[in-house]
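**Q** need a 3D model of the sequence below.
(chains A and B)
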Amino acid sequence: MTTDQRSFLNSLWDFFCSLKLTMFLLITLAVTSIIGTIIPQGTPPQEYLQQISPAKFKLYQALGFFDMYHSWWFILLLYLLTVNLVACSIKRLPHIWKTITQPVTVLGSGLEKTLPNVVSFKAGGEPEALQAKVTAFLKAEFAEPVATEDDGARHLFAQKTPWCRLSVYFVHLSVIVIFIGTMIGSLFGYKGFVNIMEGESVAKAITRSEKEIDLGFSVLCEKFSVAFYDSGAPKEFKSILTVLENGKPVPGYEHVPVIVNEPLTYKGITFYQSSYGNAGEYRFLVTDLDGNNAVPVTVPATGSATLPDGSSMHVLETTPDIAPYSPGLSGPAANIEIHAPGGASERVVVYANHPELNVAHAKEHGKGPVIHFKGEEKRMYTGLQVAKDPGVWIVWLGCLLMVVGIFAAFFLSHRRIWVRIQHGTVTMGGNASKNQAAFQLFFDGLADKLKTECSGEKR
Amino acid sequence: MTSSLLFNVTTFTYLVSMLLFFAFLASRAKALGTAGIVTAYAGLLAQTGAILLRWKESYDMGYGHAPLSNLYESVVFFSWTIVLIFALLDLKYKYRVIGAFVMPFALLGMAWAQLGLHSGIEPLVPALQSNWLLYHVVTCFLGYAAFAVACGISIMYLIKAGSEERGDSTPAGGLMGMFPPIRVLDDLNYRAIMVGFPLLTLGIITGAAWANYAWGTYWSWDPKETWSLIVWFVYAAFLHARFTRGWVGKKAAWLSIIGFAATIFCYLGVNLFLSGLHSYGGGK
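**A** Here you go, the predicted model:
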């Protein structure tokens, strides 16, 4: 390798290790993320074109603004951040590791000068006895010390929570673990939905990209119900589901109520209550103006039906009793929309108990047909989201690691105490990786106690 | 006694506390500072009682849920967390004068909630019927509150640093003599963010856990989620900047203020201007 190449690699390495890059990436990610919260994501192109000019549309599309968080440059920023934090960690880890595993146990004069907290005092007695005293003292008040003899002096070293120096690496690692979890989720998992009619079962889910996925079992919707508060606000959407294997109910997965915030999980696939609808049908009797040629017409709740005269109709809404809306009337009624073959459409309320009103309305318009409401068969279907994400536990593991790591990084401190016993003098020094002010108070208290201890008797 | 009466008492108490702190700042009479903090504690107590009472009232009405479900309740809770974090800071460091820069946030929240927001107790819609609501909202708002306190301290920092730069620091005199030294303000800013950042992280994680439990997706780049991540990035940048040593003092103070502005947008702006899953903000 030539020196040029080496210096290039070195500067590349330095570039990826730099905190300036971290700052740049964090702030760039923060600023660019705003774009995707302002521009709606993943809407059909026509809707964008109603809002913005075609030129702007093309530009935004080229920049990936309509699926911002999956655009190549946003992903690239996330990758760069990952490389950056791996590089930073690799660069700093050996030094930290050495601090933890090979602590300096001897209080030399060089180290003494760098320590922010040092006290010295004279103490009588044999060095052995003094050492035993200090050892017992440190063990009781701080942590068990390590003893070293060096150049005629006795050194004691004690420390607390040295591993908390690693916490920042755990935080960095947690980000990578979370990324791995999301990748596993996107590679081996899927998100989809199913609509199940009451009394029916399905064995396949449809993904967002309209792909069919075989569940490996089937799910039966026994019943769907909606409950409302007095104010009319929805209180609960509930599906009663049963899991079927080879057409037989699975014990423990029978008649399971699934509501919003309480999903059903079977074999790693989870079903979430998300929507519902009526897939039943409405019955009508259609006649001429004079009441002849009666034809029954059935209109599906989710579609429309063709009338004998070639027009089509669909149902907007129905009520089992019209009385609260039209005083003096009673019984079921339907609000329908009729589309004439010519394209004109009209909305009209038709009744079950008031055929004369149905006739009168038709007559007003001078022509048929006359439509009578005969009732409806309600049949609800439940809309369930289906999700499988084998990576989710890795994501939670990463989150746990991150929380523990952040707490340790902020609130734990690596505290070290050195004591040197030499020529009848005890010298104690100490430092902490964080919260120096609190450590100083602790150290001063400790020094006072040690002095009292070493002087042999209470003052 | 109803919760709404007690909330009115709280608002008034915070107003008095803020005025006492202002008077303390102007007069430098120690007694006023003590009166200010005592009043703030009294307000915190009244508000705690009011929140608990409202919680109970919702059970009496048959709806039974923690008072954290709509904009009114969240603004009230935010205000409570701000005073709580300030109280903890006061217990530990005893810099009374910070109250003059933090109590206005708490008062603003209460006044807005009391005067401008619909305060009725509503039943919970299906999406909010979960214990995760409590974990998620409590962690998020404690984090937001710590950032609010950090923002107040940063404003103090900028004022004090600005006046020192102009050279009009008459030692031990003037308004500035009341402020803690800028080194202390810088440190307190860092410490408040050190408390806020883990809480925000927990708030995002509990939100993700809830979303995963309720919808099967822990992250969907919904505007609220994205903004919480933006806030997280800003404070992560702040913390990393701290370690470079280049970004203490004024730059750190500005970053803290920008972070809080992003926090407020995440909390209110997203609900008022952008659409998404967190629809409680529209509930006027």
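
**Q** contact residues of the stretch 351-459 of chain A facing chain B?
**A** Within the stretch 351-459 of chain A, the positions near chain B by Cβ under 8 Å from any Cβ of the partner chain are A:385-387, A:389, A:392, A:395-396, A:399, A:402-403, A:406-407, A:410-411. To be clear about C-beta, it is placed using only N, CA and C from the backbone, and glycine gets the same treatment.

**Q** among the residues you listed, which pair sits farthest apart?
**A** Using Cβ to Cβ, those span at most 41.6 Å, a distance reached by A:386 and A:411.

**Q** give me the more crowded residue out of the two.
**A** Legend: neighbour count by other Cβ atoms under 10 Å in any protein chain shown for residue A:386 and residue A:411, higher for residue A:386 (24 against 14).

**Q** list the beta-bridge partners for residue A:282.
**A** residue A:299, residue A:376 (DSSP bridges).

**Q** now whichever residue of chain A sits closest to chain B: which helix or strand?
**A** Residue of chain A nearest chain B, by Cβ to the nearest Cβ: residue A:387 (3.0 Å). Using DSSP states H and E, residue A:387 maps to strand A:380-388.

**Q** tell me what that strand is packed against?
**A** In terms of contacts (3 or more Cβ pairs under 8 Å, 6 or more residues apart in numbering or on different chains; DSSP states H and E), strand A:380-388 is packed against strand A:190-197, strand A:212-228, strand A:269-278.

**Q** just how off-centre is that strand within its chain?
**A** Offset of strand A:380-388 from its chain centre (Cα atoms, centre = their mean, to the nearest Å): 20 Å.

**Q** cool, stretch A:69-83 as well?
**A** Taking Cα atoms, centre = their mean, one finds stretch A:69-83 lying 19 Å from the centre of the chain it belongs to.

**Q** ditto for stretch B:10-20
**A** Centre-to-centre, stretch B:10-20 and its host chain are 16 Å apart (Cα atoms, centre = their mean).

**Q** list the contacts of it.
**A** For stretch B:10-20, the surrounding residues in contact (Cβ atoms under 8 Å, 6 or more residues apart in numbering or on different chains) are B:32-33, B:35-37, B:39-40, B:42-43, B:46-47, B:50, B:79, B:83, B:99-100, B:103-104, B:106-107, B:110-111, B:114.

**Q** what's the neighbour count on residue A:86?
**A** Neighbours of residue A:86 under the rule other Cβ under 10 Å: 16.

**Q** quick revisit: which among the residues of the stretch 351-459 of chain A next to chain B gets closest to residue A:243?
**A** Nearest member of those to residue A:243, counting by Cβ to Cβ, is residue A:386, at 12.7 Å.

**Q** correct me if wrong: that closest one contacts residue A:193.
**A** Yes: when contacts are counted by Cβ atoms under 8 Å, residue A:386 is listed as touching residue A:193 (6.1 Å).

**Q** now list whatever residues contact both of those two.
**A** With Cβ under 8 Å, 6+ apart, residue A:386 and residue A:193 have common neighbours residue A:205.

**Q** the helix or strand harbouring residue A:24 and chain B, any residue contact?
**A** In the assignment (DSSP H and E), residue A:24 maps to helix A:19-38. Yes: interface with chain B: helix A:19-38 contributes A:19-20, A:22-23, A:26-27, A:29-30, A:33-34, A:36-38 (Cβ under 8 Å from any Cβ).

**Q** right, I'll call it a day here.
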